[in-house]
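**Q** can you look at this prediction? I've put the sequence above it.
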Number of protein chains: 2
Amino acid sequence: MNLKQLSHMLALSQTTVSRALNGYPEVNEETRRRVIDAAKRHGYRPNPSARRLATGKTGMIGYVLPTGAAVEIDPHFVEFLSGLGDYARSHELDLVLSPADADDQETTYRRIVANRQVDAVYISSPRPVDRRVALLNTLGIPFIVHGRSEGFGFDYPFTDIDNEGAFHEAARLLIQLGHRRLALINGDDRETFAIHRERGMRRALTASGLTLGERHICSVTMTEENGYRAARRLLEQSEPPTAIACSSLIMALGVVRAVRDLGLTIPGDLSLIAHDDVFPWLKPENFSVPLSTTRSSIRLAGARVAERLAARISGLEEGARGEVWPVDLVVRGSVAGAP
Amino acid sequence: MNLKQLSHMLALSQTTVSRALNGYPEVNEETRRRVIDAAKRHGYRPNPSARRLATGKTGMIGYVLPTGAAVEIDPHFVEFLSGLGDYARSHELDLVLSPADADDQETTYRRIVANRQVDAVYISSPRPVDRRVALLNTLGIPFIVHGRSEGFGFDYPFTDIDNEGAFHEAARLLIQLGHRRLALINGDDRETFAIHRERGMRRALTASGLTLGERHICSVTMTEENGYRAARRLLEQSEPPTAIACSSLIMALGVVRAVRDLGLTIPGDLSLIAHDDVFPWLKPENFSVPLSTTRSSIRLAGARVAERLAARISGLEEGARGEVWPVDLVVRGSVAGAP
DNA sequence: CAAAAAGACCAAAGCGCTTTGGAAGACTCT
DNA sequence: AGAGTCTTCCAAAGCGCTTTGGTCTTTTTG
């Protein structure tokens, strides 16, 4: 059942039927009702390929997925996706993942824009002065950055959480508890979120006349194993930290294991706070010692990004507004006064 | 730069240029070279929307993503996706995720097929007599099932691992080590993989005159917390198991925590084997006691599924061949003789 | 050497939709 | 009553590609 057939049945032109269905004003309400009714009754669905060709609109949002044998998509992605999907579903949007060589994503971005394959895209895990942001800005496709980039001469729309504030608060809490030697086990410090967290922590320390020494900071990809290694490295120093802030729950697993291996205890010998993106399958309150966290649902962020993308596509949102969400500090048993 | 312009420059018809580019035989090799050369020089890329409309081919593979507030996409998905992306990239295939109400995926499947939105789809986490399989079989779109369904009157193409064999081997090992009371912490037993694992374990036990009692089997969604709860329930019985097989590493985390909470040790009081899908961020050898596993890379499976989908799209693969991959049994410190 | 076959190319008809540029009729206004 | 304005609808022109059904040469064949 296509438009031609439908308009034939109704003894109307394709024009009128198309307009009736798409809510154009220049069609009699009575006629519109008839058309809509007939369309529903015959199960007419406009062919998206044809519509795309005619309008350029695709009803899809894009994401360039870095791939390669050495590339690991981290599990945060899937939670983010859950949220994105929640929203996208209610708005009949699909998501297209375009796999790209991790070292050459630009080609893929150019392709999907040139080919009009999607109406908008989002970017995740941005770095400072991220080339993707500059590129999309140039290409002129609607986009949202999940996270933040820095150091451009222009503004761009993003949704981020207050990583700096979160780790500032975390550090401040630890300092108030009497800790003087804090350490940070961070994610990849080429990414903005990691830089912000470090900055927040530094700010809190500086305010109290303390510092975050080179020996007290690790920056690694966020795996359990790296958390373990980092913790061992930190704790086996001559002047080990008495508190650690950690950028992910998965790394925190490794930290806890290291602490145990070294015959130490939490929070007796070490206070621990980690950032929690809220995974359904791993909860901080279920750690052997309930884990204090800075918490922000990455799933909600996914839904929000989808919402903004939809708004930009339909022209409801314009401009380069960035939004920063506050982060909860949730105190549980893993922090205590300095030993 | 579109076909019209390009053919104009070359003083050829659109027909010939199109054919030259698409490898049709009825064009002079010399001409073809000229065309291909000019196309490359001018960066001509056929507009996919137009091509879609004309051919119905989209160059995309589809996946219906169940969503909803209560739905958790599990982290296996992202690893699978990595593999899929690896392969898809090298073949210029994109993946479109169509979010659907978890309770009504059928509508979405019908939509993407009716609209010709993708060339092929895959299904994951199938259940016995999975309606999706029957549906796709009816709709006649190429598809591959990752996992297996059962109890149809027809065959269908799938790629699965030997879950039954894996857990059979695991149980056999434990029995050989003298264990008599085995338990199983399984995934959702409405899914085929879980049924197969249970079946494998039962088969091994039966062969040795043992049984898997109702009290020694748990079936839960695979979270750390559920692993913990299940383990406590099992171990606090009057006749607790001396060995547990567990369907995921994430649940195994919970099991280990429970064992510790109860003041027991692995493998002294309890032997533990878990299934490992090979996550880069959580490795069995890094458990406090290195974990024995049944191992199969879900990422490789993703690549394989993509490969088969591509083959089916291009007509290289036909028929309903199912393939079952063997699973490695990797013995590490977490298993020992029965206490 | 005429007839048949093969080779190389093209014009035009789709694919199914949106949108432009009217046109016909009904209505208002002086 | 004639001019101007809405309202409502339509024919036809795209969108950019593939594919059908040729035509015109050139080569092969009996």
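**A** Received, thanks. Residues are numbered from 1 along each chain as shown, chains lettered A, B, ... in the order given.
**Q** which residues touch the residue lying closest to residue A:170 once chain neighbours are set aside?
**A** Spatially, and ignoring its direct neighbours in sequence, residue A:170 is nearest to residue A:273 (4.7 Å; C-beta to C-beta, 6 or more residues apart in numbering or on different chains). C-beta: built from backbone N, CA, C; applies to glycine. Contacts for residue A:273 (C-beta atoms under 8 Å, 6 or more residues apart in numbering or on different chains) come out as A:170, A:173-174, A:243-246, A:291-294, A:334-335.
**Q** repeat that for 6 Å
**A** The contact partners of residue A:273, by C-beta atoms under 6 Å, 6 or more residues apart in numbering or on different chains, come to A:170, A:245, A:292.
**Q** same question for residue A:67.
**A** Neighbour list for residue A:67: A:99, B:85-86, B:89 [criterion: C-beta under 6 Å, 6+ apart].
**Q** just the pLDDT at the residue nearest to residue A:170, thanks.
**A** With respect to pLDDT, residue A:273 has a value of 98.
**Q** next SSE after the helix or strand where it lies?
**A** Of the helices and strands defined by DSSP states H and E, residue A:273 is found in strand A:271-276. The element immediately downstream of strand A:271-276 (helix or strand, assigned by DSSP H and E) is strand A:292-295.
**Q** any idea of the mean pLDDT in that following strand?
**A** 98.
**Q** does any part of the helix or strand following that strand sit near DNA strand C?
**A** Under the assignment DSSP H and E, the closest C-terminal helix or strand after strand A:292-295 is helix A:298-313. No - against DNA strand C, helix A:298-313 shows no contacts by C-beta under 7 Å from any atom of the strand, the least distance being 13.8 Å.
**Q** which residues touch the residue nearest to residue A:156 when sequence neighbours are not counted?
**A** Nearest in space to residue A:156, with sequence neighbours left out and distances taken as C-beta to C-beta, 6+ apart, is residue A:320 at 5.1 Å. Going by C-beta under 6 Å, 6+ apart, residue A:320 touches A:155-157.
**Q** quick check, pLDDT for residue A:320.
**A** Value for residue A:320, per-residue pLDDT: 94.
**Q** over to the one 3 residues further on?
**A** Residue-level confidence at residue A:323 comes out at 97, pLDDT.
**Q** ok, residue A:68 next?
**A** In the predicted model, residue A:68 carries a pLDDT score of 88.
**Q** repeat that for the one 3 residues further on.
**A** On pLDDT, residue A:71 comes in at 87.
**Q** so it sits against residue A:100, correct?
**A** No - using C-beta atoms under 6 Å as the test, residue A:71 is too far from residue A:100 to be in contact (10.0 Å).
**Q** looking at these two, which is more packed in?
**A** A count of neighbours by other C-beta atoms under 10 Å in any protein chain shown puts residue A:100 above the other of residue A:71 and residue A:100, at 21 against 17.
**Q** what bridges to the more buried one?
**A** Under DSSP bridges, the beta-bridge partners of residue A:100 are residue A:66.
**Q** excluding its backbone neighbours, what's nearest the residue nearest the centre of chain A?
**A** Chain A has residue A:146 as the residue nearest its centroid, 4.5 Å off, counting by C-alpha atoms, centre = their mean. In space, and not counting its chain neighbours, residue A:146 is closest to residue A:124: 4.6 Å by C-beta to C-beta, 6+ apart.
**Q** try residue A:77
**A** Nearest residue to residue A:77 in three dimensions, chain neighbours excluded: residue B:78, at 5.4 Å (C-beta to C-beta, 6+ apart).
**Q** count of neighbours near the one you found?
**A** By other C-beta under 10 Å, neighbour count at residue B:78 equals 22.
**Q** residues in contact with it?
**A** Contacts for residue B:78 (C-beta under 6 Å, 6+ apart) come out as A:73, A:75, A:77-78.
**Q** ok, and the most crowded of these?
**A** Neighbour counts for the contacts of residue B:78 peak at residue A:75, which has 28 neighbours (criterion: other C-beta under 10 Å).
**Q** pLDDT at it, what is it?
**A** 88.
**Q** tell me the spacing between it and residue B:102.
**A** Separation of residue A:75 from residue B:102 (C-beta to C-beta, to the nearest Å): 20 Å.
**Q** now residue A:325, which residues is it bridged with?
**A** Bridge pairing for residue A:325 - DSSP bridges - gives residue A:161.
**Q** wait, doesn't it sit right on residue A:161?
**A** Yes - Residue A:325 lies in contact with residue A:161 (C-beta under 6 Å); the separation is 4.7 Å.
**Q** to what extent is the residue nearest to residue A:298 when sequence neighbours are not counted buried, counted in neighbours?
**A** Of all residues not flanking residue A:298 in the chain, residue A:277 sits nearest, at 4.1 Å (C-beta to C-beta, 6+ apart). Neighbour count for residue A:277, taken as other C-beta under 10 Å: 22.
**Q** show me what from chain A comes close to DNA strand D.
**A** Proximity of chain A to DNA strand D (C-beta under 7 Å from any atom of the strand) is limited to residues A:11-16, A:26-29, A:31, A:50, A:53-54.
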